[in-house]
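J.: Pasted the sequence and its predicted model underneath.
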Amino acid sequence: MLTVKNLKKKFVRYNKKKQKEEFYADNGITFQAKEGEIIGILGPNGAGKTTLLRMIAGILEPTEGEIDFDGLTYQKDEIKIKKSIAYLSGNTKIYNTFSTYQLLKMCCDIYGVDKETSEKRIKKIADTLHMNEFLYNKIEKLSTGQTQRVNIARCMVHNPKYYILDEATSGLDIISSQVILDFIKKEKKQKKTILYSTHYMEEAENICDYVIMINKGIIIQEGTPDEIKKKTKTTNLRDAFFTLIGGDQHEE
Amino acid sequence: MKNNLWNILKKELREMFNDKKSLSMMLIIPIMIPLLIIGMSALFEAQINKPLEEYNQIGFNYEMSEEEKKLAQDSGISVNYYESLEKIENAYQEGEIDLYVTKEDNLYTIHGDDNETTSYAGSLVESYFNTYKEYLQTEYLTDNNIASDDVINIINVKKDIKEADNFYASYITNYAFLFIIMAITVSATYPATDTTAGEKERGTLETLLTFPIKSKDIIIGKFLSVSLSSIITGLISFILMLISLVIVQDMFTIYEGVNLMLPSASFIFALIVIIAYSFLISGLCIAIASKCKTFKEAQSALTPLTFISFFPGMIAFMINVKSSLLLALVPFLNFTLLFTDITAGNINILEIEVMLVSTIIIIGVTLYIIIKQYKSEKVLFNE
């Protein structure tokens, strides 16, 4: 189980007078993610979703708060935690000069997957994600959708327990997005825990078991999609979100 | 998992050898070494062995006696007589003569512009006048019944100065080493920039930092790959330098009687100096480039290092600084001084050991600082 407790991240920015001022990108986020659960982190751009997921993935260090993966913390068990997670964002870049196979093999080596298992796993993933036709092509020659499939494959090779997906479908066409959504559903069946941030509310409504709505670094509502709709007396998460923020923001 | 240092090194090497720019930096720059050695040798040869007929046409605006003409011809001068100052000046302007001499009573004036040919011709004319002066002195003393030898050779001077084996050989070897230093520096700069700031700019560093790899393994893997690149450049440059020296030895007379091949001990210690320098410069390049956000910023930050790398050595070489235990501690300077000594056959093991210890300490401290700083957030966002 993943437990996030009172997580805060402070940054420094410059105001109009070019003076430094501190602000909290995330300010006291608390939630739990259980085995086999898909947790949707929803909010507009700048809400604090990416910062939150980067902290959970160990890329950013929290200013305050705790992150606990099955009793492990980054302070003591960074490598163990990183072995059990996979992080993928819409902006994640991979080594373009490598072939898909070389990249997956490198990831297997890094995660300590033995040679025999890694060959089997790469073959299976290539079949699942329909990558056989470009498995030995350089990544720089692949389309955006194919590259994102390689990225998903990279996340799968070490069979992680937790997936941290930050706007993973952002900028993808409908077919490539569907590949990712199908992958999330399959992994859920394998009892994997998935944190899934998006600003596409409809997408989240379809696949998430539990939704955390964030705005300006704080949780403004959380619950199952049905609970949130019920609480806000709306028919979809998009309307629920606007209801919660008072309808004064229309940026998604 | 245990071999993540090896995994990172493999990844870095694969990226480096897949990148044409890195490969060209590594392999093409050493090709300049033979050009430098052959070019400089040809220049020295041309200066030393300038044919006499290229600068011995001397104009005189006065009638010379038969004795004067004979002495001038014996000195190698081709005498050209011009009856007026205007004519001799025109002849000089048109390049018919390389220098001209005018006479007023007992004052002889040598005229010419400041150029290489005039300088050679000037030396020739001065030599002639010294001989002529001695001839006149001998004649005067003989006319007055004085033994000229007793006056002219009143003292005798014998020259017993030990000369370097071959000035040109050591000069060219030292400059070639400075060029090797530059080649190694340039060869380290590009991959160091690419593997740190470049990786950050391309966005792959974020991916790398999500992997279960210790920052120590990431940094040492990157450092070893950059070091390997600069060592390859250094070795190729050094081998090309040796091959070039063998070639120029047969091509140019300035190396006559000199063995330009290094003895095996000098060869091995010269390699040690080159490898030590490659490690040092790779560590420094990674330290500087990893602080930069973009490839361009890293390149700008590393430019001064390219100059710093060979400047101390060049200045030491110009003002003839000799190696010492203290100077063996000074980074950059120590490599040049030790290489100069080694190629001259003076191998001081203690100084080499001091240089190695100094280099290892600097690399160790540099890597330690980078590893400490290489936390995801600091590296990715420069916070």
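T.: Done, it's in.

J.: so how many other residues sit close to residue 223?
T.: No chain in the question, so chain A it is. Neighbour count for A:Gly223, taken as other C-beta atoms under 10 Å in any protein chain shown: 14. The way it works is simple: take the backbone N, C-alpha and C, and place the C-beta from them, glycine included.

J.: meant chain B, my bad for not saying
T.: Neighbours of B:Phe223 (other C-beta under 10 Å): 25.

J.: And A:Tyr196, by the same measure?
T.: A:Tyr196 has 25 neighbours, counted by other C-beta under 10 Å.

J.: Direction included, what does the strand or helix carrying it pair against?
T.: For A:Tyr196, the element it lies in under DSSP states H and E is strand A:193-198. Here strand A:193-198 is paired, per DSSP bridges, with strand A:38-42 (parallel), strand A:162-166 (parallel).

J.: which of the ones you listed sits most buried?
T.: Burial of the strands paired with strand A:193-198 is given as mean neighbour count (mean count of other C-beta atoms under 10 Å in any protein chain shown); strand A:38-42 ranks first at a mean of 26.

J.: Following the chain onward from that one, which element is next?
T.: Counting by DSSP H and E, the element after strand A:38-42 in chain order, helix or strand, is helix A:49-56.

J.: now what about whatever helix or strand comes next after that next one, what contacts it?
T.: With elements assigned by DSSP H and E, the helix or strand that comes after helix A:49-56 is strand A:64-69. Contacts to strand A:64-69, defined as C-beta atoms under 8 Å, 6 or more residues apart in numbering or on different chains, come from residues A:2-8, A:28-29, A:55-56, A:73-74, A:81, A:84-85, A:162.

J.: Now with 7 Å, please.
T.: By C-beta atoms under 7 Å, 6 or more residues apart in numbering or on different chains, the list of residues contacting strand A:64-69 from outside reads A:2-8, A:55-56, A:73-74, A:81, A:84, A:162.

J.: repeat for stretch B:101-111
T.: Here stretch B:101-111 makes contact (C-beta under 7 Å, 6+ apart) with B:58, B:60-62, B:85, B:99-100, B:122, B:125, B:129.

J.: Swap in 6 Å and give it another go.
T.: With contacts defined as C-beta atoms under 6 Å, 6 or more residues apart in numbering or on different chains, stretch B:101-111 is touched by B:60-62, B:100, B:125.

J.: Using ChimeraX, define a selection of the buried residues within these.
T.: The buried residues among the contacts of stretch B:101-111 can be selected in ChimeraX (16 or more other C-beta atoms under 10 Å in any protein chain shown) with this line:
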select /B:60,61,100,125
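
J.: Output the contacting helices and strands for whichever helix or strand A:Tyr101 is part of.
T.: In the assignment (DSSP H and E), A:Tyr101 maps to helix A:100-110. For helix A:100-110, the packing partners by 3 or more C-beta pairs under 6 Å, 6 or more residues apart in numbering or on different chains; DSSP states H and E come out as helix A:144-156, helix B:4-18.

J.: mind checking which of those helices is nearest B:Leu302?
T.: B:Leu302 lies closest to helix B:4-18 among the helices and strands packed on helix A:100-110, at 16.8 Å (C-beta to C-beta).

J.: And stretch A:145-154, what's buried?
T.: Across stretch A:145-154, burial judged by 16+ other C-beta under 10 Å covers A:146-154.

J.: Tell me the pLDDT of the residue of the stretch 51-200 of chain B found nearest chain A.
T.: Taking C-beta to the nearest C-beta as the measure, the point where the stretch 51-200 of chain B comes nearest chain A is B:Glu199, at 9.1 Å. B:Glu199 is assigned 89 on the pLDDT scale.

J.: what about the closest residue in space to B:Thr173 that isn't next to it in sequence, neighbour count?
T.: Among residues not flanking B:Thr173 along the chain, B:Thr343 sits closest, at 4.8 Å (C-beta to C-beta, 6 or more residues apart in numbering or on different chains). By the measure other C-beta under 10 Å, the count of residues near B:Thr343 is 24.

J.: One more: B:Glu68?
T.: By the criterion of other C-beta under 10 Å, B:Glu68 has 17 neighbours.

J.: which residues of the stretch 1-150 of chain B score low on pLDDT?
T.: Within the stretch 1-150 of chain B, the stretches with pLDDT under 70 are B:1-2.

J.: go on, chain A?
T.: Scanning chain A for pLDDT under 70 picks out the ranges A:247-252.

J.: quick one: the strands in it?
T.: For chain A, the strands defined by DSSP state E cover A:2-14, A:20-33, A:38-42, A:64-69, A:85-89, A:162-166, A:193-198, A:210-215, A:218-223.

J.: before we move on, what about the stretch 101-250 of chain B?
T.: B:107-111 (DSSP state E, counting those that start in this stretch).

J.: how many other residues sit next to the residue of the stretch 51-200 of chain B closest to chain A?
T.: Close neighbours of B:Glu199, defined as other C-beta under 10 Å, add up to 25.

J.: thought it was touching B:Leu208?
T.: No. The pair B:Glu199 and B:Leu208 does not pass the contact test of C-beta atoms under 6 Å, sitting 7.1 Å apart.

J.: Compare the strands paired with strand A:193-198 and give me the one nearest B:Gly257.
T.: Here strand A:162-166 is closest among these (C-beta to C-beta), at 73.7 Å.

J.: Off-centre distance for the closest one?
T.: Centroid separation for strand A:162-166 versus its chain: 3 Å, with C-alpha atoms, centre = their mean, to the nearest Å.

J.: Now do that strand against helix A:49-56, angle only.
T.: Put simply, strand A:162-166 runs at 150 degrees to helix A:49-56, going by axes from the mean of the first three to the mean of the last three C-alpha atoms, to 10 degrees.

J.: how about the contacts of strand A:64-69, which pair is most distant?
T.: Taking C-beta to C-beta, the two most distant members of these are A:Lys8 and A:Ser84; they sit 24.0 Å apart.

J.: interface residues of chain B facing chain A?
T.: Contact residues (C-beta under 6 Å from any C-beta of the partner chain) of chain B with chain A: B:1, B:7, B:11, B:15, B:18, B:202-204, B:207, B:209-212, B:376-377.

J.: Which member of those residues is positioned nearest A:Glu140?
T.: For these, the nearest to A:Glu140 is B:Asn18 (9.9 Å; C-beta to C-beta).

J.: Now for that closest one: which residues touch it?
T.: Contact analysis of B:Asn18 by C-beta under 6 Å, 6+ apart lists A:Thr97.

J.: circling back to that earlier point, please say which of A:Lys8 and A:Ser84 ends up with more neighbours.
T.: Higher neighbour count among A:Lys8 and A:Ser84: A:Ser84, with 19 against 16, using other C-beta under 10 Å.

J.: what residue lies at the spatial centre of the chain?
T.: With no chain named, the answer covers chain A. The centroid of chain A falls nearest to A:Leu165 when counting by C-alpha atoms, centre = their mean (1.6 Å).
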